[in-house]
Structure formats: C-alpha cells, structure tokens
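> Next come a sequence and a model predicted from it.
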Amino acid sequence: MVTPIASGFTSPRDLLEKLRRDSEKLKSEVNKDNLFNFVVTAWHLGRDWIKRSAIPLPAMEAERVKMMSEPEMKICGDIANATKHSARDRNAITTNLIHHPPATFGQAVFGLSHFGDGRGTYTLVVGSTNYDLDLWRERVLELYEDFFQKHGL
C-alpha cells in the first residue's frame, strides 16, 4: 500500500486542525518539540498551504500576505527556519525563549492555585520586544481562525 507523503493532510483545514492540536500541546507543556511543531505548522500553513490550496482571489492573497507580515507570524517563520535549517535567515531577528519559574516561598512552590499553574511563565524575546508565550500562541491561532472564517476555508 502506498501512503501519501502528506500523511493524510490534504487541505489548509487539515493543517489548521493540526495547529490547534499543536497549540494545546504547547499550552500544556512548553518544550522544544512542542514549540517546533507549533511554529512549523503555523508558518507553513500560511506560507504554503493556503497560498497553494486554490487560486486565491486577489483580496484573499493580499490578506494572507498581510497576516504573514504580522509580528507573531514573523516569529513563527524565524524559529521554524532557524530550527529547520540550523541557521537563521540573514534578515531574521534573534528570538529567545526565557522561562520564569513559579514563585516560591522557602521550599514551597506556589502553583495549581490562585498563585499560578505551577509551571511559571515563558517569554519570547525578539530583539527588544517581549511576548508572553501564551498570548503569542493565542494570537497566532486567532489570526488563522479569523482568516479561515472570513474566507470560508
């Protein structure tokens, strides 16, 4: 039996569903695998899958280009390409992930209560701009959800 290279992914909608799953995984556990899967799916969904899915209307293509130029999407491209190719693009801005551990008091960690979720927080530092990882992840999803809804994809 021959398995398609795309492993069952045949449309932008399939990749949007994957992005949602990747988002949930990244939300529940921040690690390099989950971050990589999220940014690669997010970047290539807009850069390749939507662009090549059909002959887009000029307005749809203009909006896709605008969406891909949003700072949150550029971060996806920077991380995806730097990881995939083991080097950043010439014009890419350096992106770093910083973990802020949960608050502690003596030996006790405040977590799983109104003090937090026990994992601390994560910040993406892009040049001189800081992005809360959760807010950034949610914004990337929001950009796609809005785009898909508006264009009936």
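Received the coordinates, thanks. All values reported here derive from a predicted model rather than from experimental measurement.
> Show me the strands in the protein, by range?
In the chain, the strands defined using DSSP state E lie at 95-100, 104-105, 108-109, 121-126, 129-132.
> now for the last one, which elements pack on it?
Strand 129-132 makes packing contacts with helix 71-85, strand 121-126 when contacts are defined by 3 or more C-beta pairs under 8 Å, 6 or more residues apart in numbering; DSSP states H and E. No exception for glycine: its C-beta is placed from N, CA and C like everyone else's.
> Sheet-wise, list the partners of that strand with their directions.
Sheet pairing of strand 129-132 (DSSP bridges) gives strand 121-126 (antiparallel).
> Count residues in the vicinity of the closest residue to Val40 other than its chain neighbours, would you?
Nearest non-adjacent residue to Val40, counting by C-beta to C-beta, 6 or more residues apart in numbering: Ala80, 4.7 Å away. Ala80 has 21 neighbouring residues, counting by other C-beta atoms under 10 Å.
> Next: Ser128.
Count around Ser128 with other C-beta under 10 Å applied: 6.
> what does Gly120 give?
When neighbours are defined as other C-beta under 10 Å, Gly120 has 14 of them.
> Got phi/psi on Phe9?
phi -80, psi 110 (degrees, to the nearest 10).
> okay, it: pLDDT?
Predicted confidence (pLDDT) for Phe9: 83.
> Tell me if I'm right that it and Leu19 touch.
No - judged on C-beta atoms under 8 Å, Phe9 makes no contact with Leu19 at a distance of 11.2 Å.
> What segments of the protein are helices?
For the chain, the helices defined by DSSP state H cover 12-28, 32-44, 50-53, 58-68, 71-85, 133-151.
> ok, now which ones touch the residue positioned nearest the centre of the chain?
By C-alpha atoms, centre = their mean, the chain has its centre lying nearest to Val39, at 4.0 Å. Residues near Val39 by C-beta atoms under 8 Å, 6 or more residues apart in numbering: 75-77, 79-80, 83.
> Sweet, I'm off.
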